[in-house]
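Q: Here is a sequence with its predicted model. Questions after.
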Amino acid sequence: MKGRHFNQQAWLQYVEERLPLQEQEEMESHLYQCDECLANYMQCAEQVIVIPDIDAKQTTTYVNGIIARTVGMKPAWHRSTMFHYGIAAAATLVLVATGFFHGLSQELGTLGAFKPAPPLEAPASLKAQVPISDHFIHKTLTWLDTLQNEHKKGGLEP
């Protein structure tokens, strides 16, 4: 421990920055060497709340700038509900015009022909009902497989 110990009042003045620069530097170097003074410094630092000096005019200008930017903002055009409805309507029109729904309805028209046979040993009360969504998935996958096979044969032009 080099130098002298500083009392609580001196540390309070240090925290409040009311000491000359040379004495502050001396106290700072002493903090690294003395645990007792470090404890006193920590107590003083906890007691003093340092509030930075803020100019009221700068604060008002800053807050007014934030308000002006946020109040006058419009939502982005691509985030509006009407834009999303427009895209959905356009996609539907394109699918109808290309005959996608007609082809899909023809493929699903034979839905009644696809009925998996129940197991022989299962009683009628335990028959598993196949959900309609499974039928749709199976028909869609079958339709996609036929498209893929035609492409491999050279039936569709790229």
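A: Nice, I can see it.

Q: wait, isn't C44 in contact with Y14?
A: Yes. Under the criterion of CB atoms under 8 Å, C44 makes contact with Y14 at 7.4 Å. C-beta here means a position set from N, CA and C on the backbone, and glycine is covered the same way.

Q: Tell me which residues of the lengthiest helix in the chain come out buried.
A: When the chain is parsed with DSSP state H, its longest helix is helix 132-153. Buried residues in helix 132-153, counting neighbours by 16 or more other CB atoms under 10 Å, are found at 135, 139.

Q: Report the mean per-residue pLDDT for that helix.
A: Mean per-residue pLDDT for helix 132-153: 76.

Q: Could you list every helix and strand in contact with it?
A: helix 100-109 (3 or more CB pairs under 8 Å, 6 or more residues apart in numbering; DSSP states H and E).

Q: Just the buried positions in the helix it packs on, please.
A: E107.

Q: Now do that helix: distance to the chain's middle.
A: 39 Å (CA atoms, centre = their mean, to the nearest Å).

Q: for that helix, what is the average pLDDT?
A: Summarised as a single mean, pLDDT over helix 100-109 is 78.

Q: which regions of the protein lie under the pLDDT threshold?
A: In the predicted model of the chain, residues 1-3, 49-54, 72-75, 109-128, 148-158 satisfy pLDDT under 70.

Q: give me that answer again for 50
A: For the chain, the stretches with pLDDT under 50 are 1.

Q: hmm, back to that, compare neighbour counts for C44 and Y14 and give me the winner.
A: Y14 (22 against 18; other CB atoms under 10 Å).

Q: so that one is in which element?
A: Using DSSP states H and E, Y14 sits within helix 8-15.

Q: mind checking how far the residue nearest the centre of the chain is from D55?
A: In the chain, the centroid-proximal residue (CA atoms, centre = their mean) is R79; its distance is 16.3 Å. As for R79, its distance to D55 is 38 Å (criterion: CB to CB, to the nearest Å).

Q: Check G99 too.
A: 70 Å.

Q: How about W77?
A: From W77 over to D55 (counting by CB to CB), the distance is 39 Å.

Q: now swap in A68 and tell me
A: 19 Å.

Q: now do L147
A: L147 is 71 Å from D55, by CB to CB.

Q: quick one: secondary structure of E17?
A: Counting by DSSP: H, G, I helix; E, B strand; the rest coil, the backbone at E17 sits in coil.
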